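J.: show me how the following folds:
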Amino acid sequence: MLRTGSIVQLWYLKKRTVWVLFNAVFISLYQHVLLWMLASPVFVVVGVARAQVRQYRTTAEVTTTKGHLSGLDFVAAISMLLFIILETVADNQQSRFQAEKRMLQSVGEKHIQETKLKSVRDGFCQYGLFSIVRKPNYAAEQMIWVSFYMFSVASLSSLPNQSIVTAVFNWTGLGFILLISLFQVSGWMTELISSRKYPSYKIYQTNIPLYIPTFFHFRS
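T.: I've put the predicted structure just below:
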């Protein structure tokens, strides 16, 4: 029979082995691959630009033809900027909420706005963007990289004899697909932790969607 010390040692070794594997596979490998894939639309944009320059040089049009931005480029840029702003707002709202939670512990409820008091009592943010979706910062982060991917679509669609289907379904889309898949797992884990930690969180889950807003109601 194993002694208590041996059991503890085996548990520690098992836990350490899991961490080593997690560090080697996810932190050291997967995250670097993911970051490379997220940035991969740049390679497509640069590759298309170089191909166009070579074509202009061979047809003697380099002095008369100028590069241009398509309508999709502007859509991607505006969309990306919008979601960066939304993520910034959501992060700031979460930061202020955490400060209000600390204020509740130190000075009580008298300095907290009435509209925010329920959230502070429940323990999790439910106002602002968090009244539309439960994780607005997560949702905005995903859409930032979907918007970034659209630049590769815009570049490929500018090539002659290039179908829109081929442009849309290009290989760089794997980056945001991997990111969205990762957020499904991390979102599920944080939701599980929150539902166990806060008694009223399950009601919040019932009323407010996770990432995609329904726009049927807005709670201030």
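J.: how far away is residue 190 from residue 134?
T.: As judged by Cβ to Cβ, to the nearest Å, residue 190 and residue 134 stand 9 Å apart. C-beta coordinates here come from the backbone N, C-alpha and C atoms, glycine included.
J.: residue ranges with poor pLDDT in this structure?
T.: Low-confidence segments of the chain (pLDDT under 70): 1-15, 19, 22, 57, 59-67, 105-115, 215-220.
J.: let's see that with 80 instead.
T.: For the chain, applying pLDDT under 80 flags the ranges 1-28, 52-68, 103-117, 215-220.
J.: which parts of it are helices?
T.: Remark: helices assigned in the chain by DSSP state H are 4-22, 31-39, 41-58, 71-107, 114-122, 136-157, 164-168, 173-197, 201-207.
J.: what residues are up against residue 182?
T.: By Cβ atoms under 8 Å, 6 or more residues apart in numbering, the residues touching residue 182 are residue 34.
J.: what do you get if the cut-off is 6 Å, keeping everything else the same?
T.: With contact set as Cβ atoms under 6 Å, 6 or more residues apart in numbering, residue 182 has no partners.
J.: try residue 124
T.: Shown here is residue 124, whose contacts under the criterion Cβ under 6 Å, 6+ apart are residue 198.
J.: ranking the helices of the chain by burial, who's on top?
T.: With neighbours taken as mean count of other Cβ atoms under 10 Å, the helices of the chain reach their highest mean count in helix 136-157, at a mean of 21.
J.: and the angle from it to helix 71-107?
T.: Here helix 136-157 runs at an angle of 170 degrees relative to helix 71-107 (axes from the mean of the first three to the mean of the last three Cα atoms, to 10 degrees).
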